[in-house]
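A.B. asks: coordinates only, sequence not included:
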């Protein structure tokens, strides 16, 4: 009987060391054991073996030698050495869809992350807020968070986006509107990413994934159903495409810097907090002046945020305050919002280019994944009123 009890005792019981809580370090990113796309291929045709608990569950310290200890030794699952320390926020593997929400980020959350930095293709840092607010910024900005830079699914999404929503089409809207893209890999891969996708919109990198975490985006390898924006491309095709792109980066040393292959993204629409169509009067600034203001505001402490006194001093009251009015968070690795929904939210006419698969296209036309209410309805009424006024003038 004693020998049986001893064999059933977990390793942690023999150690008897106190369990301590380990704080997450969001600046660290995973170093995958292989290409992210190879992991995607690994997931094809078979369910995830280890079903992880929801974000509130905590893992046991008895899994492996390299596993990080956590607060509750009585949890039911174990951590692996390859898991990142922020799994409690971004749980990695689920069977089926990740149970997340599309709740709009609060004003407090946006204020917390507005001074976080993203990197452009030259490695220059920009505050997150500068992407959607500022003297020279459009009043409406849709920010699309994609997966790692070798993800064939997200690349196909941007190809479809580029064909359906062009910068010229956005310029025709009555309220200035633009799109920006953020990935979680190294900024050195942005140029090749843009070449592969033909994306006409600026692409930035958040290798720390802090924005993903704070905005509630999760981690999973679940494929989910095939969306219309895949244009009939098979999983094998997109995985092979990513592998080839990774092999091209072997000589550059960037083959393992594509980003966390488990991280999924989403779409967030930033609009004026007042939701008014009236454009505020502001003095345009030169690019150099805007950059100086941006760098002054981004002068940060340990968490990349200036002291409260400096924030009030650096804040420009003439800059229009923005908030998220519509958002969607991915539940699987190919769960971006479809083109008809994006065009509707942005206030564009049409539904995008139809695909041959009528069943999937019909689903894309009818399904709405996101949550919120954008200014699109107001813009539509404004266009109708303008048309009636112009028509009346011509008849007179």
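C.D. replies: Okay, I see it. In this text the structure is predicted, and so the values were computed from the model without any measurement.
A.B. asks: Any regions of the stretch 251-396 of the chain where pLDDT drops low?
C.D. replies: Across the stretch 251-396 of the chain, the ranges flagged by pLDDT under 70 are 280-318, 382-396.
A.B. asks: Now do the helices in it.
C.D. replies: Assigned by DSSP state H, counting those that start in this stretch, the stretch 251-396 of the chain shows helices spanning 287-298, 308-314, 339-346, 358-366, 376-395.
A.B. asks: Strands of the chain, start to end?
C.D. replies: 117-119, 125-127, 140-145, 177-183, 203-205, 266-272, 322-329, 371-372 (DSSP state E).
A.B. asks: Which among those strands is found nearest to residue 151?
C.D. replies: Judged by CB to CB, the one of those that comes nearest to residue 151 is strand 177-183, at 8.5 Å. In short, each C-beta sits where N, CA and C put it, glycine included.
A.B. asks: taking the mean pLDDT, what do you get for the closest one?
C.D. replies: Strand 177-183 comes out with an average pLDDT of 97.
A.B. asks: same thing with stretch 131-141?
C.D. replies: Per-residue scores along stretch 131-141 average to 91.
A.B. asks: ditto for stretch 105-122
C.D. replies: 97.
A.B. asks: Can you give me the end-to-end span of that stretch?
C.D. replies: 29 Å (CA to CA, to the nearest Å).
A.B. asks: Flag every buried residue along it.
C.D. replies: By 16 or more other CB atoms under 10 Å, the buried positions in stretch 105-122 come out as 105, 110, 113, 114, 115, 116, 117, 118, 119, 121.
A.B. asks: before we move on, what about stretch 351-359?
C.D. replies: Of the residues in stretch 351-359, those buried (16+ other CB under 10 Å) are 351, 352, 355.
A.B. asks: For the spatially closest residue to the last one that is not a sequence neighbour, list the residues it contacts.
C.D. replies: Closest residue in space to residue 355, ignoring its immediate chain neighbours: residue 361 at 5.0 Å, by CB to CB, 6 or more residues apart in numbering. By CB atoms under 8 Å, 6 or more residues apart in numbering, the contact set of residue 361 is 228, 354, 355.
A.B. asks: so which of those comes closest to residue 275?
C.D. replies: For these, the nearest to residue 275 is residue 228 (30.2 Å; CB to CB).
A.B. asks: CSV for the buried residues of stretch 105-122, including distance to residue 180?
C.D. replies: Converted to CSV, the buried residues of stretch 105-122 look like this (distance: CB to CB, whole Å):
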residue, distance to residue 180
105, 16
110, 15
113, 15
114, 15
115, 17
116, 14
117, 14
118, 9
119, 13
121, 13
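A.B. asks: Sitting in helices, which of these do you find?
C.D. replies: Of those, the ones assigned to helices by DSSP state H are 110, 113.
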